[in-house]
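Participant: Next input, structure requested:
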Amino acid sequence: MDTLADTLQRLREAFGSGRTRPAEFRASQLKGLSRFLKDNKQLLQEALAQDLHKPSFEAEVSELSIAQSEIDLALRSLRAWMKDQPVSRNLATQLDSAFIRKEPYGMVLVISPWNYPLNLTLVPLVGALAAGNCVVLKPSEFSRSTEKVLAEVLPRYLDQVSKLLGRICSLKHFQRLQGLLGCGRVAIGGQSDERDLYIAPTVLVDVRETEPVMQEEIFGPILPIVTVGSLEEALAFIRRREKPLALYAFSNRSQVVRQVLAQTSSGGFCGNDGFMHLTLASLPFGGVGASGMGRYHGRFSFDTFSHHRACLLRRPGLEKVYSLRYPPYSPRNLQLLLLATQDRGCCTLL
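Facilitator: Okay, here's the model as predicted:
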């Protein structure tokens, strides 16, 4: 069996050969990913049911359809995304060509969590493939059935430039969540079964800010409730902590939702819902600060996995014009140079 080092070396060589860069190759990978979803829909639904007891309706809405929509958008938009992006020029560069070129990073690693094991694996994978990268996937070790399908079935649909790594079997996550049930007081739920790795949806009340359940991402069916005296106190509570991946504000008063939006910062924000923003490929998904780096969904995935290379191509034969930037310096040359390099958007004719 090849070692990890051998696999990574092959991926580097594959990228270095240039085979992943053409739009045709990228599109073929995306089409293969689409076939994987369509051919194995029932298998994936069964895997999600085994891992999360997720009904087929929810699996379709929150996993399969979102991933398929991302693929369809990438296939429709791929060539437009790959085009050089012209940028504005100043007076000194009017005869030149200035643009941003989206270049693949090379070899990238996608590590996905267990709570949306298909969605949060395939959506960034779409962006990475569309951007022309070689990809190593590391599915969650806690979503065993979904990981098995990804490891055993998905490679049949993709060029083996992409690679999946095995998982680690562990009860650590279940035991961590079980430990959090000791925080505050259980108002609803609290039941658990280690054999099935099941924890009932649980609401905790009388929770203190210093307790473990309030110090880390929960990634489990546990909802701690902290009581505050006012909206201002709630906003202060949010602001003195690390910026969250997402913030959801629920209120019958629109001004309350807008106040929370205006006076906090988070990777994403949703008013009066906790999910539907994920269905929009036009909105980026990602964290800020401690909650994560990068963003994906639609074009944002492509851009996240692309290096934005700054490019300026100057015309030859104009060095005499450009020579005013060289010694001997003079006030006149300085004035001309500052005028020529000024952002044209800032210029006003009086």
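
Participant: Break this structure down into its structural domains.
Facilitator: Per automatic domain parsing, the domain ranges recorded for the chain read 4-169, 172-291.

Participant: export stretch 215-224 as CSV, just CAs?
Facilitator: Output in CSV follows, covering the C-alpha atoms of stretch 215-224 (Å, rounded to 0.1, in the frame of the first residue of the first chain):
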residue,chain,number,x,y,z
GLN,A,215,-16.6,27.5,26.1
GLU,A,216,-16.5,25.5,22.9
GLU,A,217,-18.4,24.7,19.7
ILE,A,218,-20.9,22.0,20.8
PHE,A,219,-21.5,20.1,17.5
GLY,A,220,-24.2,18.1,19.1
PRO,A,221,-28.0,18.2,19.9
ILE,A,222,-27.5,20.3,23.0
LEU,A,223,-28.9,23.8,23.4
PRO,A,224,-27.7,25.8,26.5
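
Participant: low-scoring stretches of this protein, by residue?
Facilitator: Counting by pLDDT under 70, the chain has low-confidence residues at 1-2, 161-170, 344-350.

Participant: do that again at 50, thanks
Facilitator: Regions of the chain meeting the criterion pLDDT under 50 cover residues 1, 166-169, 346-350.

Participant: Deepest-packed of the domains of the chain, please.
Facilitator: For the domains of the chain, ranked by mean neighbour count under the definition mean count of other CB atoms under 10 Å, the leader is domain 4-169 at a mean of 18. Every C-beta, even on glycine, is put in place using the N, C-alpha and C of the backbone.

Participant: Out of the domains of the chain, which is closest to Ser301?
Facilitator: domain 4-169 (2.2 Å; CB to CB).

Participant: chain center to the closest one, what's the gap?
Facilitator: Distance, stretch centre to chain centre, for domain 4-169: 11 Å (CA atoms, centre = their mean, to the nearest Å).

Participant: Show me the beta-bridge partners of Ala98.
Facilitator: Leu312 (DSSP bridges).

Participant: i'd like the first residue to be 23 from this point on
Facilitator: Sure thing, new numbering starts at 23, so read that last one as Ala120.

Participant: pretty sure it is touching Ala114, no?
Facilitator: No - using CB atoms under 8 Å, Ala120 is not in contact with Ala114; the gap is 11.0 Å.

Participant: Out of the domains of the chain, which is closest to Asn355?
Facilitator: Comparing the domains of the chain under CB to CB, the one sitting nearest is domain 26-191, at 12.4 Å.

Participant: quick check, Val225 in a strand?
Facilitator: Yes - residue state for Val225 (DSSP: H, G, I helix; E, B strand; the rest coil) corresponds to a strand.

Participant: what's near enough to touch Phe272?
Facilitator: Val279, Gly293, Asn294 (CB atoms under 8 Å, 6 or more residues apart in numbering).

Participant: Quick one: closest of the domains of the chain to Leu335.
Facilitator: Closest to Leu335 of the domains of the chain is domain 26-191 (CB to CB; 4.2 Å).

Participant: for this structure, what spans make up the strands?
Facilitator: Under the criterion DSSP state E, the chain contains strands at 107-108, 119-126, 129-133, 156-160, 185-186, 207-210, 214-215, 220-221, 224-227, 244-246, 268-271, 290-293, 328-335.

Participant: Using a markdown table, please lay out those strands together with distance to Gly311.
Facilitator: Conversion of those to a markdown table gives the following (distance: least, CB to CB, whole Å):
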| stretch | distance to Gly311 |
| --- | --- |
| strand 107-108 | 27 |
| strand 119-126 | 26 |
| strand 129-133 | 19 |
| strand 156-160 | 23 |
| strand 185-186 | 30 |
| strand 207-210 | 31 |
| strand 214-215 | 33 |
| strand 220-221 | 29 |
| strand 224-227 | 26 |
| strand 244-246 | 21 |
| strand 268-271 | 13 |
| strand 290-293 | 13 |
| strand 328-335 | 21 |
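
Participant: Looking at those, which is nearest to Gln31?
Facilitator: Comparing the strands of the chain by CB to CB, strand 129-133 comes nearest, at 10.0 Å.

Participant: Listing partners with orientation, what would you give for that closest one?
Facilitator: strand 156-160 (parallel).

Participant: The strand it pairs with to strand 119-126, inter-axis angle?
Facilitator: 40 degrees (axes from the mean of the first three to the mean of the last three CA atoms, to 10 degrees).

Participant: Dump strand 156-160 to CSV, restricted to CA.
Facilitator: C-alpha atoms of strand 156-160 as CSV (Å, rounded to 0.1, in the frame of the first residue of the first chain):
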residue,chain,number,x,y,z
CYS,A,156,-5.6,18.5,-6.6
VAL,A,157,-7.7,17.6,-3.5
VAL,A,158,-7.2,15.4,-0.5
LEU,A,159,-10.5,14.8,1.4
LYS,A,160,-10.6,14.0,5.1
